[in-house]
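S.K.: build me a model:
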Amino acid sequence: MSSTLKQIISNTLSGWGSVFIRSIIALLMVPFLLKQLGTNGYGLIGLLGVLLSFSQVADLGLRQALGRELAEHFARKDEKGFNELANTALLLYCIIAILLAFICWTFSSLFVEFFKIPQEMRAVATLAIQIYGCVSILLSFITPVFMAGLTSNHRFDLVNSIQIVGSILSSLVLFVALSLTNQALFTWISIMLLYQLLILIFGYFLYKKYCSYSKFGIQFINFSRLKSLFHLGGYMYILQLTRALSERSDPLVISYFFGPSGVALYRPGGRISEMVRPVVLTMADQLYPLTTKQHIQGEKESVKKILLIGTRYTMLLGVLVSVGMFTFATPFCRLWLGKTLGNDYHIVAQIMMGWSIADLTTYATGTQWSILLGMKKLLFIVCTQLPTAILNILISIYLVGFTNLGIPGVLIATITIGIIRRPILMVYTAKQSGITAKKYFKESYLTPLIILFILCITLFTVVTIFNPTTITELFFLGIFTILFWFGLSFWIGLKKGERETIKKYAIEIYSKTTNKLTKKT
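M.R.: Coordinates of the predicted model:
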């Protein structure tokens, strides 16, 4: 097995480990935080997260562009260019962060008014925005430089490990601290800021260790290095902004019409989607350093292979996650939040079901993003995403505020636009990669769609018959779903050569494990 493939597998497995641990923590924390903070308090911390997300849009798209540009310098073994770009970007980020923190502090009262915070909470909410918003913005703009350095070396496994350690430590402290204090909101703020600081410290030391040629100093400030970063970052900025408009604005729309309590009903379902989405996209999102290198070196066939196989694998896994979320949403939310929210758990379930469909359209992109980013072919995505994002938010405002759909209506536009955009993007990416759209569909989408159809019919039948009412029943149905999906994917989704490869590696792992156990005995 090549070192590159080993690193991809390591990155993917560590990414899944990070997602699994953080998901378990989140599942436990949501009902706990709802109880400790109340629905309005829980809705407020959700809005604080939205505020931070929108502040990150103001980085001009440089956050993601930096990782790609550093990856190019790493591929070319250009140490001087790497250090000049990293140092200059760090200085620029600090300047942007200070300006945003100042704006956050100055206009905190206006944010509170826009969020429709209840009158009795406004003083506390204003102070929370000033403290959490300002400090969190500063930390969130410094950390990405070190993370970009690690990912440019294809060390996503290190980034995932940092997130695992930080999530476990912060959650343990939260459980203890919130149980012992009456100031739940500000205790949460303090611990979350310490969590971000911990991520920054870990990121810095790993950056220094694994980017051995990295150096810091004024002598490495070279603003001419930002030219390529801004060129790519301009596209990234528009994409980031449109994503914020189409997705991150949902809680703002809900808050405007229903207040923080409405956000408290939307957020748990959205959190489930946020937790499971990386399970599917971990591999696809971590391939851009490799596709950048292949594009620079003219390895066109390798790029085609990543597009075809990567998209198929992403879709296969996406089918499992999306169908599982949709089918088990109601019984899962009843068991998870029924005691905390009462019958309102039905709204959470509807949000989960809506996101499962929206996420499936996202999974359909497969490795398209990594391919287009590696090629710097982002203009077409920008041209299609900007108008649809604006349309998305306008439709969401109408459906949530002026129809009987209520909170779940915020996702209808997202689903519709996703279904329309994906085939267009599929055709474009295939053309850029030198593949016909017919071949791309046949090799990457046909078998996952067949499995989607079979899995939907089977699971709907099973859930209708058994109607799980306990955690144990839900657990065993989940195991059945995974095993059934695995069988379908192995025999329908994979090609003969891929099945033989999996069998070969499984036998190797079994033999190594058996030999180790024999030696120990």
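S.K.: what's the spacing between S302 and T106?
M.R.: Relative to T106, S302 is positioned 50 Å away (CB to CB, to the nearest Å). From N, CA and C alone the C-beta is placed, and that goes for glycine too.
S.K.: quick one: which of the two has more around it?
M.R.: Using other CB atoms under 10 Å as the criterion, S302 and T106 rank with S302 on top: 15 against 10.
S.K.: surely that one meets Q294?
M.R.: Yes. With contact defined as CB atoms under 8 Å, S302 reaches Q294; the gap is 4.7 Å.
S.K.: phi, psi for L405 please.
M.R.: phi -70, psi -30 (degrees, to the nearest 10).
S.K.: for the remainder of this discussion, apply numbering that starts at 7.
M.R.: In the new numbering, first residue 7, that becomes L411.
S.K.: my guess is it meets I418, correct?
M.R.: Yes. Under the criterion of CB under 8 Å, L411 makes contact with I418 at 7.1 Å.
S.K.: so for these two, which residues contact both of them?
M.R.: Counting by CB atoms under 8 Å, 6 or more residues apart in numbering, the common neighbours of L411 and I418 are L405.
S.K.: so, low pLDDT: which residues of the stretch 207-356 of the chain?
M.R.: For the stretch 207-356 of the chain, the stretches flagged by pLDDT under 70 are 234-253, 291, 294.
S.K.: apart from its chain neighbours, what residue comes closest to L97?
M.R.: I227 (6.0 Å; CB to CB, 6 or more residues apart in numbering).
S.K.: near the one you found, how many other residues are there?
M.R.: Number of residues near I227 (other CB under 10 Å) recorded here: 13.
S.K.: who's in contact with it?
M.R.: Applying CB under 8 Å, 6+ apart to I227 gives the contacts 90, 93-94, 97.
S.K.: gap between it and T149?
M.R.: Counting by CB to CB, the separation of I227 from T149 is 20 Å.
S.K.: same question, G276
M.R.: Using CB to CB, we find G276 at a distance of 23 Å from T149.
S.K.: what's the neighbour count on T132?
M.R.: Neighbour count for T132, taken as other CB under 10 Å: 18.
S.K.: what does G52 give?
M.R.: By other CB under 10 Å, neighbour count at G52 equals 22.
S.K.: so it touches R273, yeah?
M.R.: Yes. G52 is in contact with R273 according to CB under 8 Å; the separation is 4.4 Å.
S.K.: which neighbours do these two share?
M.R.: P257.
S.K.: ok, back up a step: now the buried members of the contacts of I227.
M.R.: Buried residues within the contacts of I227, counting neighbours by 16 or more other CB atoms under 10 Å: 90, 93-94.
S.K.: low-confidence regions, the chain specifically.
M.R.: 7-25, 62-71, 160, 234-253, 291, 294, 515-516, 519, 522-527.
S.K.: could you redo the last one with a cut-off of 50?
M.R.: Across the chain, the ranges flagged by pLDDT under 50 are 7.
S.K.: thinking again about what came up before, which phi and psi does the residue nearest to L97 have?
M.R.: Torsion angles, degrees, to the nearest 10, at I227: phi -80, psi 120.
S.K.: likewise for T409?
M.R.: phi -130, psi 180.
S.K.: so who does it touch?
M.R.: Residues near T409 by CB under 8 Å, 6+ apart: G415.
S.K.: ok, now the one 4 residues further on?
M.R.: For I413, the contacting residues are 260, 264, 268, 271-272, 353, 356-357, 406, taking CB under 8 Å, 6+ apart as the criterion.
S.K.: V433 now?
M.R.: Taking CB under 8 Å, 6+ apart, one finds A443 in contact with V433.
S.K.: and the helices in the stretch 307-456 of the chain?
M.R.: Using DSSP state H, counting those that start in this stretch, the helices found in the stretch 307-456 of the chain span residues 351-369, 374-381, 385-408, 418-438, 443-450, 452-472.
S.K.: and the angle for the third one with helix 418-438?
M.R.: Put plainly, it is helix 385-408. Here the directions of helix 385-408 and helix 418-438 differ by 170 degrees (axes from the mean of the first three to the mean of the last three CA atoms, to 10 degrees).
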